[in-house]
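Trainee: sequence first, then the predicted structure:
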Amino acid sequence: MTVPALALSGLVKSFDRPVVKGVDLTIEAGEFYALLGPNGAGKTTILRMVAGLLEPDAGEISVFGIDARRDPVAAKRVMAWVSDEPMVYDRLTPLEYLDFVAGLWQMDPARARRAAHELVDWLGLAPHANELCGGFSKGMLQKVALAGALVHDPRLIILDEPLTGLDAGSARQVKTVLLDKVRDGVTVIMTTHILEVAERMAERIGVISEGRLIAQGTLAELRARIGRETTLEEIFLDLTQGSRAA
Amino acid sequence: MNATPASLAFFARHELRLAWRDFFAMMTGGRRARLIGFVAGGALIYGLLTAIAWAVAAPWVEQGVFADRQTLVLVSGMGLLFWTVTLSQALESVTRVYYARSDLDLILSSPTSSRQVFAVRAGAVVVTTAALGALLVSPLVVVLAFLDGPHWLAAFLVLAALAALSVAIAMAITLALFRLVGPRRTRFIAQIVAALVGAGFVIGIQAAAILAYGDYSRLALFQSADILAAAPPAESLLWLPARAAMGDVGAAMLLLVAALAVLGGTIAVTAPSYGRLASSAAGLSHVRRQRRPSRLAFRAASQRQVLRRKEWRLLQRDPWLLSQTLMQMLYLVPPALLLWINYGDGEGAYIVVVPVLAMAAGQLAGGLAWLAISGEDAHDLVATAPLTPATILRAKVEAVLAVIAVVLAPLLLLMAVSSWRMALVTALCAGLSAASATAIQLWFRVVARRAMFRRRQVASRAATLCEAFASITWAATGALLAAGSPIAILPAVVAIGVVALARLIAPRPARK
């Protein structure tokens, strides 16, 4: 039996109120998993706990068999996190940023240099590789952040609304990059409000509502669950509204 | 009453509301309870300043205050010093009117007159500059008014005139810079000019006093026989501002009217180009420049080295840090001069040099530590990297202390040639001062953008006060050690106590 890329068990987190209420979730290696949910459902909180940005109140997080709560550094070594607000240094160039990221992940310099230049070319950033990021558009910043996430060859990529604010061309590029990575065996977990993206790209979809995982499966499985041959949008609304009414 | 939309009153109300909410948020940090502490602390400091003013003014008033030449030279000199600080502040504020307003896009894209917006914002700068100045000098003016008569209140009119004149000059300089060097370099050069004006004159006077009279006091120059001999007679018009400041209401009114006329004229000349220049400044965020790729890129390095290199690179490229650091560095000029002219003349000068350097090291370290530790723009990236929080913090602290070491090293070397013992004392006290400031910033760290740097002092007043007290007490330790006094142990113990207190009151790191 292969080790899952991510296994969550009984994950709980409260701020001033409970936000994540005991989530169990298993995602296999090489899977493209979309996590959906209404605003404030707890998606980002779950992913931030996985990335090591938040400490869970209870529960277990296992990344490729590594206990992320006990050995966060080892878990982080195989992960990458991309948030919806690209956090990039205004006063570094994309290449300097990638050099910094490669250094943090202690990559072999020659391999890092090659990967950085490939990514910069691949994402259409080559003409801007030596310009300070401060003047970049949101789309370009998101590409720089994505390049940072990919440069160290992570086995698990977690993306929180990565397509927010991107133009059609940039969004297509990002989607292509992610699908290529999944083909190479990388696991991708992504939250999105663009349901068509989840419908077309994800192998499995999880729906979070009010801090609980209320449904998950392939699109066909979710359709079967609500008993209608319909779009993901309909399924999503049906599940989340039903969950709130309950 | 509602103001007519897009009128001067409408914009003035808008500005006032924003300024008040901004001020309130800065003072309370979002918690109303902190306002009580702020008011109580402010009242305490004001009371202390008033007591000091009383101690200074009472003997003077007792002897009788006369507008003789000696007094006029002294008042003019001190007024000039104060005015340069006002001018420096006005220059920075006016630059911000062009560069740092998030609502410019909204206002400039609306069908309203950018001239009106500019006039209101210029007025707001005058009011804030005057208010800050009034707050600073009011203890002395109020004491003088109480002891010698209400005519002293005319000093506030002089203050308003100085603020108006400062803003007018600042606007003229900014406009000239836009024309001469373009929007990209204007902010950068304006910062340097502001720092040089603010600190340069003060330091220049001090340097002149040191070189001519071997005295560290600025007053020495204003009271010197040479200056008094060269000064015009007491009836000269040159002394009009000094007379106004000393309670001549007619002179004060004349000064205020003249300054307001200059301000009005400058606004009339400057306002028409405001929309265009502000747009060109705002457009800079879309302008990109090629940088030469670093030779050090993609070289093998440890995680700590990588973090340190990143910090140094960002510090070097920080747009607002320059003026702050320049100011700190300028304050090192007088002690360096004193060191130079006293070279080989015994160790008396060190009583001044050692504490100044210790103080400067602490203040510089505090600013740099905030930028490195709290001002992390890619917090998520660093927090998700495979390294422990302790490694991250250690690298950042190393980056800060290394910068301090590089700044101080030349002065310490110069000192070591003259007296290795004093170099050692300075290194020790400056090191402890820098380490204390860094530790305090570490304990009070928050997650913030680097752009918030200017607000760091109001974000945590406890941290700012602890940092300042620690620097002062290490400086006092240095001075007493330089004097060879065994009581140096006392301020050292107080300094350790301040640092311990900071550790005690620092908020516990929030559970993520």
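Mentor: Received it, and whenever you're ready, just let me know what you need.
Trainee: where does pLDDT dip in chain A?
Mentor: Confidence mapping of chain A against pLDDT under 70 gives the ranges A:1, A:242-246.
Trainee: check chain A for the residue nearest chain B and tell me.
Mentor: Nearest residue of chain A to chain B: residue A:103, at 3.0 Å (C-beta to the nearest C-beta). Using the backbone N, CA and C atoms, a C-beta is placed for each residue, glycine as well.
Trainee: list the contacts of that residue.
Mentor: With contact taken as C-beta atoms under 8 Å, 6 or more residues apart in numbering or on different chains, residue A:103 is in contact with A:112, B:301, B:303, B:305-307, B:309.
Trainee: around chain A, pick out the residues from the stretch 301-450 of chain B.
Mentor: Proximity of the stretch 301-450 of chain B to chain A, by C-beta under 8 Å from any C-beta of the partner chain, involves residues B:301-303, B:305-307, B:309-310, B:313-314, B:317-318, B:377-388, B:450.
Trainee: one step back: and the residue of chain A closest to chain B, how far is that from residue A:112?
Mentor: 8 Å (C-beta to C-beta, to the nearest Å).
Trainee: for the biggest helix by length in chain A, which positions count as buried?
Mentor: Longest helix in chain A, counting residues (DSSP state H): helix A:168-183. Neighbour-count burial for helix A:168-183 flags A:170-171, A:173-175, A:177-178, A:181-182 (criterion: 16 or more other C-beta atoms under 10 Å in any protein chain shown).
Trainee: now for residue A:4, how many residues are close by?
Mentor: A total of 18 residues lie near residue A:4 under the criterion other C-beta atoms under 10 Å in any protein chain shown.
Trainee: oh, I was asking about residue B:51
Mentor: Residues near residue B:51, counting by other C-beta under 10 Å: 12.
Trainee: cool, residue A:31 as well?
Mentor: For residue A:31, using other C-beta under 10 Å, the count is 18.
Trainee: now for it: which residues touch it?
Mentor: Contacts of residue A:31 by C-beta under 8 Å, 6+ apart are A:5, A:182, A:187-188, A:203-204.
Trainee: make a PyMOL selection of the buried ones in those.
Mentor: Remark: buried members of the contacts of residue A:31, expressed as a PyMOL selection using 16+ other C-beta under 10 Å:
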select buried, chain A and resi 5+182+187+188+204
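Trainee: could you pick out which of the contacts of residue A:31 are located in helices?
Mentor: Reading helices off the contacts of residue A:31 with DSSP H, I get residue A:182.
Trainee: distance to chain B added to the contacts of residue A:31, as JSON lines?
Mentor: Putting these into JSON lines (distance: C-beta to the nearest C-beta, whole Å) gives the following:
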{"residue": "A:5", "distance to chain B": "16"}
{"residue": "A:182", "distance to chain B": "20"}
{"residue": "A:187", "distance to chain B": "16"}
{"residue": "A:188", "distance to chain B": "16"}
{"residue": "A:203", "distance to chain B": "24"}
{"residue": "A:204", "distance to chain B": "24"}
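Trainee: which one of the contacts of residue A:31 sits closest to residue B:55?
Mentor: residue A:188 (71.2 Å; C-beta to C-beta).
Trainee: and residue B:398, how far from residue B:307?
Mentor: 9 Å.
Trainee: more crowded one of the two?
Mentor: For residue B:398 versus residue B:307, the count of surrounding residues by other C-beta under 10 Å is larger for residue B:307: 26 against 17.
Trainee: residues touching the closest residue to the more buried one other than its chain neighbours, list them.
Mentor: The spatially closest residue to residue B:307, leaving aside those adjacent along the chain, is residue B:395, at 3.7 Å (C-beta to C-beta, 6 or more residues apart in numbering or on different chains). Counting by C-beta under 8 Å, 6+ apart, residue B:395 makes contact with B:303-305, B:307-308, B:311.
Trainee: now do residue A:5
Mentor: Contact analysis of residue A:5 by C-beta under 8 Å, 6+ apart lists A:27-31, A:63-64, A:155-156, A:187.
Trainee: before we move on, what about residue B:410?
Mentor: By C-beta under 8 Å, 6+ apart, residue B:410 lies in contact with nothing.
Trainee: mind checking how far it is from residue B:363?
Mentor: In terms of C-beta to C-beta, residue B:410 sits 18 Å off from residue B:363.
Trainee: quick one: residue A:198 from residue B:264, how far?
Mentor: 61 Å.
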